[in-house]
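> what shape does this take:
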Amino acid sequence: MTDFNPQQARKIVTDLGRTQLLIDGALKKFSMLTTDVIDAFSDAKLNDAAGQPALEELAEGFKTFVEGRRNFVNAHKMLIDMKQDSNLRAVEIGCDPGPLCPWIAPESKLELVA
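Numbers count the residues shown, from 1 in each chain. This is a model prediction of the structure:
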């Protein structure tokens, strides 16, 4: 069993979350950039053939970001597996319940309503 330092594990979890937000933010910006480019081509009445190479390059760049995101998610899953096989197995260090942290049962909260 691997013996991880809980403080380092918490830092990794924080960095994972921040990095995921940055990757998703970059993908959103990339989508907006593509929309803006298409709008600019349309406003300039650029013929389709002239703008096609630039759109293809943008699409390839977006695909690269999505592939990188997949690699990041796969690495995240591997880190979760490593945690499960370590001294931190039963220690909650910041992962919200969801597809990457399925072993955490979401808590049901009762709320008093009038």
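
> tell me where this structure has helices.
6-43, 48-84 (DSSP state H).

> now those in TSV, with mean neighbour count?
C-beta here means a position set from N, CA and C on the backbone, and glycine is covered the same way. Conversion of the helices of the chain to TSV gives the following (neighbours: other CB atoms under 10 Å):
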stretch	mean neighbour count
helix 6-43	13
helix 48-84	12
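
> dump those to TSV, plus distance to residue 91 and mean pLDDT.
Listed next are the helices of the chain as TSV, based on distance: least, CB to CB, whole Å; pLDDT from 0 to 100:
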stretch	distance to residue 91	mean pLDDT
helix 6-43	6	93
helix 48-84	8	95
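
> need the contact list for the spatially most central residue of the chain.
By CA atoms, centre = their mean, the chain has its centre lying nearest to residue 20, at 3.5 Å. Taking CB atoms under 8 Å, 6 or more residues apart in numbering, we find residue 20 in contact with 72, 76.

> ok, residue 62 touching residue 29?
No - with contact defined as CB atoms under 8 Å, residue 62 and residue 29 do not form a contacting pair (10.5 Å).

> list the contacts of residue 33.
Residue 33 is in contact with residue 58, counting by CB under 8 Å, 6+ apart.
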